[in-house]
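S.K.: Sequence and predicted model, in that order:
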Amino acid sequence: MAARIKRLFQSLSLGDKIESEYPFFLLYLRSITSGAVSRLALFQMASKKVVYKHIAPYFKRILNLVSEWRYSQASACNALSMEVPSKNLAEFLYRMSQSIKSGEPVSQFIEREYLRFSSQYYEKRMQAIERLKSLSDTYLPIKSVTIFLCVTILLSSIFFSPETMIMLAILTVVGISGTLFALSWLIYKAAKPDSVLIDEGNPKLSSMRRVMLLAVSASGTVLVAIPLITPFKDYFYSVTLAGAPLLLVGYLGRRHIRNVKKCEEQYPAFLRHIGSNCAVEIPILTVLKSACETDFGVLNKAIKRLYAKLLMRLEPEVAWWSFEVELGSKLIQRVNTILTEVLYTGGDVTSTSKLIEKFYFTYTTIRRRRYQVVSYLVGMLVPLHMAMAGLFAVIDGFFSALADFMARISVFISFLSPPPVDFFRFFFLFTLVLMAFNSSIALYAMEGDSRFTLLFYLGLLLTAGGIIYLVTSTLTVNYLSSIVTL
């Protein structure tokens, strides 16, 4: 049973990854069929594309069925269409099998498929962004209700048993947290985000991931070590300090992502330069030499290194791959692979560069619309979490001052007992940490740039929330204690 569940989740994850690659893969097929390419050659080229690593294995299996098991191409495509965990790719393979049976040229089939997909792509993605807005509007009221219910239940503990009311509050928070986690999953499924960074072969990203693991380890060490040497009431210090390394590494990661996005902004100009010059049959080395003399902003150094590698007769595939990895953008890698494939296989460079630029503009426009929704959610969730921390701190200060006052008068009135301040404080800590995880996961599910997003917001909410709590509770206790003294 465990193995079946594991395979189910792997299948779901693989389906999402295939859906992410599919638009670029279809653009790739449309581009290489602009030249004279047979269907079998198309299968062979598609099966070797590492950049589409989740789709390529299915084309390898098609080739294996055709060459080893003597399947017809139509039967092989039809057989694989029933195994692919992606609706788009499964339907594409099924329609390809029907096209092969009818004897349609592969270039006509791919062109029709691309036109059909591209005519619907923008509209469907915009509808998905609208669903994100609706889910954001649902998420925020639920988070606000958490604050209201917690405050109501805690204040009721003045009149009822504090232990019972706190347990009720904990159960309420856990139930709401489960709802928020489910809503985060719906946010992810509504419009699955694409990671910005290249996952494999990027040494800078690999080193940043090692730093990320060190930050998580440091945070865990702080959470474990500080409570062993400090009183229970000072757990908030450990949570605040534990968020600091997460915040720092998350900030560095997001700064790296901003630099990668600057490369993406400049890439279309470089694409036009390559496409317009190669279209009139100017050698690629001559084109790149002129590109080195043109200002492409943050791309200048990478372009010069690319030209130097090709000038030294390095394998073109390796030189271009190093150029893509240096820029670090998965978007640039996916479309640049298409451009270079057409350049070196004799396809139509003019039409391909126009197709790539048009799709590139559509893709980045959709991403900007997504970021607008993310900014809205960030602008609401972060202040709401800070308000929760401040409100809990005021309640903490009130109960601390009340406990101190009741401890003084208990000498004269023996039946009075102070409220369990440490128990209250544990609830505040538990709620703020759990809500920080909820908010961070929701923002990561919506933005999806990289895991640095999760670290950044988690560190920000833990650190800033802890500081606000500690400062506010201290000021509240001092103020109320001074009133009692007067």
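M.R.: Arrived safely.

S.K.: can you pull out the helices in the stretch 201-350 of the chain?
M.R.: 203-229, 235-278, 284-292, 300-311, 316-327, 330-345, 349-409 (DSSP state H, counting those that start in this stretch).

S.K.: Other residues contacting the third one?
M.R.: Taking C-beta atoms under 8 Å, 6 or more residues apart in numbering as the criterion, the residues outside helix 284-292 that touch it are 270, 273-274, 277-278, 300, 303-304, 306-307, 310-311, 343. Where C-beta positions appear, they are placed from N, C-alpha and C, glycine not excepted.

S.K.: Where does pLDDT dip in the stretch 101-250 of the chain?
M.R.: Applying pLDDT under 70 to the stretch 101-250 of the chain flags the ranges 158, 201, 221-234.

S.K.: and Ala190, how many neighbours?
M.R.: Residues near Ala190, counting by other C-beta atoms under 10 Å, number 18.

S.K.: so it touches Arg131, yeah?
M.R.: Yes - using C-beta atoms under 8 Å, Ala190 is in contact with Arg131, at 4.2 Å.

S.K.: which non-adjacent residue is nearest Tyr376?
M.R.: In space, and not counting its chain neighbours, Tyr376 is closest to Ser136: 6.4 Å by C-beta to C-beta, 6 or more residues apart in numbering.

S.K.: how close does that neighbour sit to Phe437?
M.R.: 18 Å (C-beta to C-beta, to the nearest Å).

S.K.: again, but for Leu311
M.R.: Distance from Leu311 to Phe437, by C-beta to C-beta: 52 Å.

S.K.: who's more crowded, the two?
M.R.: Phe437 (19 against 12).

S.K.: Which helix or strand contains that one?
M.R.: Taking DSSP states H and E as the criterion, Phe437 maps to helix 421-447.

S.K.: helix or strand right after that helix?
M.R.: helix 451-485.

S.K.: quick one, that next one and helix 235-278 angle?
M.R.: 150 degrees (axes from the mean of the first three to the mean of the last three C-alpha atoms, to 10 degrees).

S.K.: Could I get the buried residue list for helix 451-485?
M.R.: Buried residues in helix 451-485, counted by 16 or more other C-beta atoms under 10 Å: 452-466, 468-470, 472-473, 476-477, 480.

S.K.: Tell me the spacing between Arg254 and Tyr237.
M.R.: Taken as C-beta to C-beta, the span from Arg254 to Tyr237 is 26 Å.

S.K.: Gly253 too?
M.R.: For Gly253, the distance to Tyr237 - C-beta to C-beta - is 26 Å.

S.K.: Mind checking which of the two has more residues around it?
M.R.: Between Gly253 and Tyr237, Gly253 has the larger neighbour count (other C-beta under 10 Å), namely 25 against 16.

S.K.: Return the residues in contact with the closest residue to that one other than its chain neighbours.
M.R.: In space, and not counting its chain neighbours, Gly253 is closest to Phe452: 2.6 Å by C-beta to C-beta, 6+ apart. When contacts are counted by C-beta under 8 Å, 6+ apart, Phe452 touches 208, 212, 249-250, 252-254, 256-257.

S.K.: Show me which of these is closest to Ala387.
M.R.: Nearest to Ala387, judged by C-beta to C-beta, of the contacts of Phe452 is Gly250 at 22.1 Å.

S.K.: neighbouring contacts of the helix or strand harbouring Met45?
M.R.: Assigned by DSSP H and E, Met45 belongs to helix 39-47. For helix 39-47, contacts defined as C-beta under 8 Å, 6+ apart pick out 25, 28-29, 32-33, 37, 52, 55-57, 59-60, 62-63, 66, 73, 100, 106, 341.

S.K.: I appreciate the help and will end here.
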